[in-house]
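Q: all I have is the shape, not the residue letters:
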C-alpha cells in the first residue's frame, strides 16, 4: 500500500520561504517519478514541479526561478523549496507519485498525498 505524507506547510509572510517534504512508502521510490501540484480555493489543480527517477526536472512557468524540486533516494523523500512566496502561492500542495507520460498532467500519477496547506499573508 502506497503512502505519501506531506509536511512543511504553514503560514508565511509574502517574500518568505518554506520547504515542503513528501515521504513515500510502499513503492519503489528510486524508480518513481514524483511531482507537486497545488490547488487554490475555487481553482483547478495546478502542476507545480516534477522530478523523474533520474532527476530530470520540470518546473511550471508560474514558479520558475522561485521554486525548486529535489529528491533524496535514501530517505524516499521529495522536497519542494519555495522562495519569494507571494499571495498567489496560497494553496493546498499535493505530492504525487509514480508518474507516467507527461509530468504536468494530473492523470499521469497513480498516487496522491493528503495535501498540506500553504498560506501566504501580506
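A: Yep, it's here. Quantities reported herein were computed from a predicted structural model and do not represent experimental measurements.

Q: run through the bridge partners of the residue minimising distance to the centre of the chain.
A: The C-alpha lying nearest the average C-alpha coordinate of the chain belongs to residue 36 (CA atoms, centre = their mean; 2.2 Å). Here residue 36 sits in beta bridges with residue 49, residue 95, going by DSSP bridges.

Q: make 465 the starting number, not 1.
A: Done: numbering now begins at 465, and the last item shifts to residue 500.

Q: tell me how far it lies from residue 545.
A: 11 Å (CB to CB, to the nearest Å). For the C-beta atoms, the positions are set from N, CA and C on the backbone; glycine is no exception.

Q: could you tell me which residues touch both of those two?
A: Counting by CB atoms under 8 Å, 6 or more residues apart in numbering, the common neighbours of residue 500 and residue 545 are residue 533.

Q: hang on, isn't the residue nearest to the centre of the chain packed against residue 533?
A: Yes - between residue 500 and residue 533 there is a contact under CB atoms under 8 Å: 6.5 Å.

Q: tell me, what's touching those two both at once?
A: Jointly contacting residue 500 and residue 533 under the rule CB under 8 Å, 6+ apart are 512-514, 542, 544.

Q: among those residues, name the buried ones.
A: 512-514, 542, 544 (16 or more other CB atoms under 10 Å).

Q: for residue 566, state which of those is nearest.
A: Nearest to residue 566 among these, counting by CB to CB, is residue 514 at 9.0 Å.
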